[in-house]
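>>> I would like the atomic coordinates for the input below:
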Amino acid sequence: MRRLLVLGAGTAGTMVVNKLRRRLARTDWRITVVEPSDTHHYQPGYLLLPFGGYRPEQVVRPTAPLIADGVELVRGEVGRVMADENRVSLSDGRNLPYDYLVIATGVTPRPDQTPGMLDGGHWRKEIFDFYTYDGALALAKALDRFEGGRLVVHITDLPIKCPVAPLEFAFLADAHLRRRGLRDRTDLVYATPLSGAFTKPIASARLGSMLDDRKIVVEPDFLVERVDGTKLVSYDEREIPFDLLVTVPLNMGADFVARSGLGDELNLVPVDRHTLLSRAHDNVFALGDANDIPTSKAGSVAHFAVDVFADNFVAYAAGRPMTGRFDGHANCFVESGDGKALLIDFNYDTEPLPGRYPLPGVGPFRLLTDAAVNHWGKLAFRWMYWNVLLPGRPLPLPAHMSMAGKHVPTDEK
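Alright, predicted model coming up:
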């Protein structure tokens with residue numbers, strides 16, 4: 001009996017075990033997934049919780065029913081991976097041997113990594129995050145109490161989960177404050193370590209103009225060194241005071257990755273960016289946010305990567321070469337407020353471009369253009385997530401990015 005061990009039952013881990021349970025014979029393969037939490041969270045929903053777009057119960061479900069029959073679910077915290085011994089030690093002393101290991105434990109916000117963010121007495125009082133369930137709920141109450149002042153949306157450093165989410169928050173905050181009649185009494189500031197609104201020039205120009213249109217002040221190249229009371233201080237000593245800070249703390253992989261000697265300085269596992277195979281061990285893979293591939297840490301990346309990985313793994317385990325090559329494909333809906341959103345679609349080599357998706361000329365979604373249909377697409381994705389993606393059912397979208405329906409703007413040619 002061969003053993004596949006998956007660490008983490010988040011988006012990537014759940015999709016992996018559900019897809020591979022159908023592909024690997026039960027008489028030959030034992031599939032186990034290790035997960036400490038008894039609840040699974042729809043993390044894209046965190047963004048909308050502070051604005052009442054979702055109720056808390058809509059973004060949380062029990063973990064166990066999401067895991068396919070025939071997959072062993074082990075409750076526990078990973079203590080260490082002994083990759084040279086092909087086993088994982090849990091924090092309670094249990095040991096789980098494996099023939100193949102998949103690390104899918106994601107990343108988590110680490111406000112403790114920024115001096116003053118937690119130890120100044122302002123956390124969850126004037127300083128909030130929305131990248132955690134508890135943080136998003138606490139921020140909802142803070143926004144209800146907010147009566148104007150300086151609201152700063154801030155990114156500590158990259159990479160982060162869903163890199164467009166801070167932009168979405170800024171757009172949604174603008175719309176929220178206008179509805180409450182508080183926009184004229186509020187200075188909105190977007191502080192980013194990037195030189196612009198996004199990492200790619202065409203999208204950055206489009207998103208940057210949207211920030212300008214909403215009179216949201218961008219503070220670029222802002223690398224925070226510390227939080228000093230109610231102001232951010234950068235390494236070049238620039239200061240941004242705030243009345244309400246909505247921050248994206250440093251995102252880091254699981255601590256056991258560091259303890260196991262498997263990660264980089266952010267506890268991300270170095271892998272081949274096309275096959276997701278560890279660069280150090282030939283039977284270890286890292287999927288979803290847990291690896292160091294140069295693309296967005298987003299659910300769509302996990303989905304497209306797992307599609308490629310499943311075929312590759314079946315071949316690899318059978319002694320055949322992995323012919324599938326993940327191209328870094330990502331697409332993200334970007335809420336722009338007032339019931340509209342953009343859609344961006346890109347990969348390692350091609351930046352987000354305008355056009356229609358997924359069908360050329362038809363769409364129905366519009367790329368790099370805010371439209372109501374994109375907003376409804378984002379809301380509909382929650383149903384797709386629970387009922388199609390997590391169960392590992394096929395979605396009629398290619399894993400690899402297509403140029404069909406896209407065009408390069410004239411001034412970019």
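
>>> from now on I want contacts and neighbour counts done on CA atoms only, so please keep to that.
OK.

>>> just checking, residue 112 touches residue 123?
No. Under the criterion of C-alpha atoms under 8 Å, residue 112 makes no contact with residue 123, lying 10.7 Å away.

>>> more neighbours: these two, which one.
The neighbour comparison of residue 112 against residue 123 (other C-alpha atoms under 10 Å) goes to residue 123, with 16 against 12.

>>> report pLDDT for the more buried one.
We have a pLDDT of 97 for residue 123.

>>> so where does the closest residue to it other than its chain neighbours fall, helix or strand?
Nearest residue to residue 123 in three dimensions, chain neighbours excluded: residue 117, at 6.7 Å (C-alpha to C-alpha, 6 or more residues apart in numbering). For residue 117, there is no host helix or strand (DSSP states H and E).

>>> ramachandran angles for residue 117?
Main-chain dihedrals, residue 117, degrees, to the nearest 10: phi -70, psi -40.

>>> what's the average pLDDT for stretch 146-163?
Here the average pLDDT along stretch 146-163 is 96.

>>> so how far does that stretch reach from one end to the other?
25 Å (C-alpha to C-alpha, to the nearest Å).

>>> what of stretch 388-402?
Span of stretch 388-402 from end to end, C-alpha to C-alpha: 22 Å.

>>> do stretch 119-136 as well
20 Å.

>>> for the protein, give me the ranges with low pLDDT.
For the chain, the stretches flagged by pLDDT under 70 are 411-413.

>>> and it, what are its domains?
2-108+252-317, 111-251, 333-412 (automatic domain parsing).

>>> quick one: closest of the ones you listed to residue 326.
Distance to residue 326, taken as C-alpha to C-alpha, is lowest for domain 2-108+252-317 among those, at 4.5 Å.

>>> quick one: which of the domains of the chain is nearest residue 325?
Nearest of the domains of the chain (C-alpha to C-alpha): domain 2-108+252-317, 4.6 Å.

>>> phi, psi for residue 389 please.
The phi and psi torsions at residue 389 (degrees, to the nearest 10) take the values phi -70, psi -60.

>>> all the helices of this protein, in order from the start?
For the chain, helices defined by DSSP state H occupy the ranges 11-23, 133-145, 165-179, 201-213, 255-259, 299-317, 372-384.

>>> re earlier: ok, the residue nearest to residue 123 - how many residues close by?
When neighbours are counted by other C-alpha under 10 Å, residue 117 comes out with 23.

>>> residues contacting it?
Counting by C-alpha atoms under 8 Å, 6 or more residues apart in numbering, residue 117 touches 111, 123, 127, 226, 227.

>>> take the residues you listed and keep only those in strands.
Under the assignment DSSP state E, these contribute 127, 226, 227 to strands.

>>> and which of the residues you listed is nearest to residue 194?
Closest to residue 194, out of all of these and judged by C-alpha to C-alpha, is residue 226, at 17.6 Å.

>>> is it true that that closest one touches residue 233?
Yes. Applying C-alpha under 8 Å as the test, residue 226 and residue 233 come out as touching, 5.5 Å apart.

>>> ok, now how distant is the spatially closest residue to residue 337 that is not a sequence neighbour from residue 129?
Using C-alpha to C-alpha, 6+ apart and skipping the chain neighbours, the partner closest in space to residue 337 is residue 172 (4.8 Å). Computed with C-alpha to C-alpha, the distance linking residue 172 and residue 129 is 15 Å.
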